[in-house]
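K.L.:
Have a look at this prediction, sequence included:
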Amino acid sequence: MANSNVAISCVGDRTFYKTDAEIEEANIRVPMAIANAVKDSPHIKRFIYLSAAGADPNSPSKKLRTKWIGE
């Protein structure tokens, strides 16, 4: 990030994430780590986070619940 002024995050779970822990890692912990790194970088002026349509804390889908938390 030292040579950039924009950070883009498009990390997300895919079908190869099988366990709840893997989905939570991809949808919550990794985006939070990226956001914290962006926050701590004096060079980054814009942070773009690509998400999933339908992210909702009350969704029956684990993927969509964890996407909402990560956002």
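P.N.:
Cool, got the structure. Numbers count the residues shown, from 1 in each chain.

K.L.:
Checking residue 60 next. Helix, strand or coil?
P.N.:
On the three-state scheme (DSSP: H, G, I helix; E, B strand; the rest coil), residue 60 is labelled coil.

K.L.:
List phi and psi for it.
P.N.:
Summarising the backbone geometry of residue 60 under the convention degrees, to the nearest 10, its torsions are phi -70, psi -10.

K.L.:
which residue sits closest to residue 59, ignoring its sequence neighbours?
P.N.:
Closest residue in space to residue 59, ignoring its immediate chain neighbours: residue 65 at 5.2 Å, by Cβ to Cβ, 6 or more residues apart in numbering. Quick note: C-beta positions are derived from backbone N, CA and C, even for glycine.

K.L.:
Need the pLDDT of that neighbour.
P.N.:
You'll see residue 65 listed with a pLDDT of 90.

K.L.:
same question, the one 3 residues further on
P.N.:
In this model, residue 68 is scored at 89, pLDDT.

K.L.:
Let me see the ranges of the strands in this structure.
P.N.:
Counting by DSSP state E, the segments of the chain that form strands are 6-9, 46-49.

K.L.:
Deepest-packed of the ones you listed, please.
P.N.:
Comparing the strands of the chain on average neighbours per residue, with mean count of other Cβ atoms under 10 Å, the densest one is strand 6-9 at a mean of 15.

K.L.:
Show me what it packs onto, helices and strands only.
P.N.:
Here strand 6-9 touches helix 30-40, strand 46-49, going by 3 or more Cβ pairs under 8 Å, 6 or more residues apart in numbering; DSSP states H and E.

K.L.:
which one of those has the most crowded surroundings?
P.N.:
With neighbours taken as mean count of other Cβ under 10 Å, these reach their highest mean count in helix 30-40, at a mean of 14.
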